[in-house]
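> Can you look at this prediction? I've put the sequence above it.
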Amino acid sequence: MPRPDLARLGVRHRRIPILAIGRDVYLDSRLILCKLELISSTSPSVHPPLGSSSSKASSEQLALERLLDVLTVDTSLYLDAARLIPSAVPAMKDPAFVKDRKDYFGGPLGQQPPTGKEAHAGAPPAASAALLRAESLAELRYAASLLESTLLADGRHWILGTPNPSVSDIEAIWPFHWLSSMPGAFLDGSGSQEAALGPAQYPRLFAWIDRFNSAIRAARRGQPSLVNRMDGAAAAQAVQATAYFEIPPKDAPPVDPQDPVSRAAGLRAGQRVVVWPIDTGMSHKDVGKLVRLSSSEVVIEVAPSDDAPSVLLHAPRHGFRVRPFTEVESPRL
């Protein structure tokens with residue numbers, strides 16, 4: 001659904017969370033975690049320390065972190081987890097929310113069997129909402145079995161054997177952690193009240209979730225003064241009134257001349273471009289002036305109006321698309 005608080009900054013992107021550091025606004029949790037690591041010198045890092053003898057251990061850890069990210073975000077597991085939101089959740093009874101989910105995912109999370117002319121001869125039978133749910137639950141069980149029988153099999157507390165949770169734990173745990181907070185999320189829709197995914201089948205996985213919850217509570221108790229709430233209008237004004245956080249290196253070209261997309265599309269700094277995610281929320285596109293384009297991120301300048309302060313909007317290259325803007329794009333607000 002449209003985000004009025006983000007629109008105050010000129011941001012059309014609809015997925016949350018976002019991160020603002022000064023007048024630099026960052027999209028996507030993966031990019032957000034990377035940026036937070038850059039300023040974590042005064043607080044504990046969620047990345048494991050470098051290997052003591054060489055960088056090999058760290059490289060392997062970072063590779064595992066990325067692969068776990070692929071498992072939970074770049075596969076169907078994300079959509080499968082969304083399909084398991086119980087119908088009893090109040091938001092699922094709100095027609096506006098259901099319509100928004102359809103727009104967000106590019107289609108309905110559930111479907112009913114076709115009737116009449118829709119059930120033409122030779123077509124595979126359409127899945128009911130209950131069957132779609134069961135299929136998604138099977139995918140979650142497959143991922144749970146992978147973690148239970150490999151990374152958690154030796155009884156370690158955290159994925160990388162670290163004293164505290166790392167990014168690898170965050171990447172791998174979120175679908176199970178998120179759904180475990182919703183009663184009924186792991187029921188298969190057959191009418192049975194026995195969860196198809198729970199501590200009985202995956203004791204190590206659910207013990208890991210319990211430890212993760214304890215770590216979150218301990219972190220909140222240890223930093224009680226970090227939260228300073230403000231409304232959207234005040235937050236937008238605070239962002240727009242500050243200086244930019246990132247200073248680009250002087251020796252790096254704003255737009256990588258060797259980037260394949262840059263070369264194919266003829267992208268150049270100062271050009272008006274459109275940026276959007278290619279998996280979910282793709283109908284909400286951001287238009288702005290291209291500031292930087294590298295192999296890891298695209299940065300554009302956006303503002304809510306011509307006479308309003310602008311911000312720099314950062315999006316990762318992976319999972320996002322950048323193209324020259326034409327009026328044909330007609331990005332939605």
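Nice, I can see it.
> Correct me if wrong: Arg30 contacts Leu68.
No: in this structure Arg30 lies outside contact range of Leu68 using C-beta atoms under 8 Å: 11.5 Å. Any C-beta I mention is one placed from the backbone N, CA and C, and that applies to glycine too.
> Who has more neighbours out of these two?
Leu68 (20 against 16; other C-beta atoms under 10 Å).
> which residues touch the more buried one?
By C-beta atoms under 8 Å, 6 or more residues apart in numbering, the contact set of Leu68 is Ile159, Ser168, Glu171, Ala172.
> May I have the secondary structure class of it?
Taken by DSSP: H, G, I helix; E, B strand; the rest coil, the conformation at Leu68 corresponds to helix.
> next one: Leu140
With three-state DSSP as the criterion, Leu140 reads helix.
> In contact with it, which residues?
For Leu140, the contact set (C-beta under 8 Å, 6+ apart) comprises Leu77, Asp80, Ala81, Leu84, Pro175, Phe176, Leu179, Phe186, Leu197.
> for stretch 136-144, which positions count as buried?
Buried residues in stretch 136-144, counted by 16 or more other C-beta atoms under 10 Å: Ser136, Leu137, Glu139, Leu140, Arg141, Ala143, Ala144.
> make that stretch 169-180, sorry
Asp169, Ile170, Glu171, Ala172, Ile173, Trp174, Pro175, Phe176, His177, Leu179, Ser180.
> Which member of the residues you listed is positioned nearest Ile39?
Nearest to Ile39 among the buried residues of stretch 169-180, counting by C-beta to C-beta, is Ile170 at 17.4 Å.
> helix or strand for that closest one, which one?
Using DSSP states H and E, Ile170 falls within helix 167-180.
> How about Arg292?
Assigned by DSSP H and E, Arg292 falls in strand 286-293.
> which element follows that strand toward the C-terminus?
From strand 286-293 onward toward the C-terminus, using DSSP H and E, the following helix or strand is strand 297-302.
> How about residues contacting that next one?
With C-beta under 8 Å, 6+ apart as the test, strand 297-302 has contacts from 9-11, 31, 273, 275, 286-293, 310-317, 320, 322.
> What strands flank that strand, and is each parallel or antiparallel?
With DSSP bridges as the test, strand 297-302 is paired with strand 286-293 (antiparallel), strand 311-316 (antiparallel).
> In three-state terms, label the nearest residue to Lys35 once chain neighbours are set aside for me.
Of all residues not flanking Lys35 in the chain, Tyr26 sits nearest, at 5.4 Å (C-beta to C-beta, 6 or more residues apart in numbering). What three-state DSSP gives for Tyr26 is strand.
> Any idea what Tyr26 is bridged to?
Leu19, His314.
> For it, give me the pLDDT.
Tyr26 carries a pLDDT value of 96.
> Now for it, how many residues are close by?
Neighbours around Tyr26, by other C-beta under 10 Å: 26.
> what's the answer for Arg217, then?
By other C-beta under 10 Å, 10 other residues sit near Arg217.
> avg pLDDT for stretch 266-275?
Averaged across stretch 266-275, the pLDDT comes to 95.
> Counting neighbours, which bits of it end up buried?
Under 16+ other C-beta under 10 Å, the buried positions of stretch 266-275 are Leu267, Val273, Val274, Val275.
> chain center to that stretch, what's the gap?
In terms of C-alpha atoms, centre = their mean, to the nearest Å, the centre of stretch 266-275 is found 25 Å from the chain centre.
> what two of the contacts of Leu68 have the greatest distance between them?
Of all pairs in the contacts of Leu68, the most separated under C-beta to C-beta is Ile159 and Glu171 at 8.5 Å.
> thinking again about what came up before, out of the strands paired with strand 297-302, which gets nearest to Val73?
Closest to Val73 of these, according to C-beta to C-beta: strand 311-316, at 11.3 Å.
> what bits of the stretch 1-150 of the chain have low per-residue confidence?
Residue ranges of the stretch 1-150 of the chain with pLDDT under 70: 1-2, 40-57, 91-94, 96-127.
> what about Gln258, which SS state?
Gln258 ends up coil, using three-state DSSP.
> if I look at it, how far off is Pro203?
Separation of Gln258 from Pro203 (C-beta to C-beta, to the nearest Å): 50 Å.
> Compare these two (neighbour count), which wins?
Between Gln258 and Pro203, counting by other C-beta under 10 Å, Pro203 is the more crowded of the two (12 against 8).
> follow-up on the earlier one: pLDDT and distance to Ala207 for the buried residues of stretch 169-180 - can I get that in TSV?
Below are the buried residues of stretch 169-180 laid out as TSV (pLDDT from 0 to 100; distance: C-beta to C-beta, whole Å):
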residue	pLDDT	distance to Ala207
Asp169	95	13
Ile170	93	17
Glu171	92	19
Ala172	96	14
Ile173	97	12
Trp174	95	17
Pro175	95	17
Phe176	97	12
His177	97	13
Leu179	96	16
Ser180	96	12
